[in-house]
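*Asks:* coordinates for the following, if possible.
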Amino acid sequence: TLRETLLTEAHSSPFSVHPGSTKMYHDLKLHFWWSGMKGDIATFVSRCLICQQVKIEHQRASRLLQPLDIPVWKWDEISMDFVTGLPRTQRRHDAIWVVVDRLTKSAHFLPICKDYSVSRKCRAPICWDQVGERVIKGPEMIEVTNEKVSVAKEKLKEARTRQRVTSESHR
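*Replies:* This is a model prediction of the structure:
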């Protein structure tokens, strides 16, 4: 019948993704009405095999939530989120990329366009071109910095030694 076809299309099409009876009723009542419509929709949804299989009581219970390990270094572990649906700015940004350090809870808010691709924003292995190097810390960065400091100390010692030798020879 026409009703069955309409209910099937409203519930099982790739665009509707199996809504519940309340959502389906609110969507259909905008364009259609018949006597007993709400009951017909509830019956149709309750008989849907896919909806019955994915119902929460048919799924295994998940385990208890486990806490995440506390990060050792700042910016070692981050969380990201996107705020979308914003009005477009003069620079055509319409979304915000939120990057939060899990250890310090320090947050950075980067204006982006909703249609940015990963390759456009992340040209570097770590995407801090707009955040700045000041926040890139961790074991590797500290190790590199310590190596550079050691090299600088050695060069300063050599320079002092040369300076002493030169000044003693002039006496």
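
*Asks:* what's the domain layout of this structure?
*Replies:* The chain breaks down by automatic domain parsing into domains covering 2-58, 78-135, 138-171.

*Asks:* quick one: least confident helix or strand in this protein?
*Replies:* helix 118-121 (a mean of 52; mean pLDDT, DSSP states H and E).

*Asks:* now the phi/psi pair for residue 36, please.
*Replies:* Backbone torsions of residue 36, given as degrees, to the nearest 10, read phi 80, psi 20.

*Asks:* cool, and residue 112?
*Replies:* The phi/psi pair for residue 112 (degrees, to the nearest 10) is phi -140, psi 170.

*Asks:* quick check: residue 100 vs residue 68, distance?
*Replies:* With distances taken as C-beta to C-beta, to the nearest Å, residue 100 is found 13 Å from residue 68. C-beta coordinates here come from the backbone N, C-alpha and C atoms, glycine included.

*Asks:* to clarify, my last question referred to residue 80.
*Replies:* Residue 80 is 15 Å from residue 68, where distance means C-beta to C-beta.

*Asks:* what of residue 27?
*Replies:* Distance from residue 27 to residue 68, by C-beta to C-beta: 39 Å.

*Asks:* neighbour-wise, which of the two wins?
*Replies:* Neighbours per residue (other C-beta atoms under 10 Å) separate residue 27 from residue 68, with residue 27 holding more: 15 against 9.

*Asks:* give me the nearest residue to the more buried one, chain neighbours excluded.
*Replies:* Take residue 27 and drop its neighbours on the chain: the residue closest to it by C-beta to C-beta, 6 or more residues apart in numbering is residue 10, 6.5 Å away.
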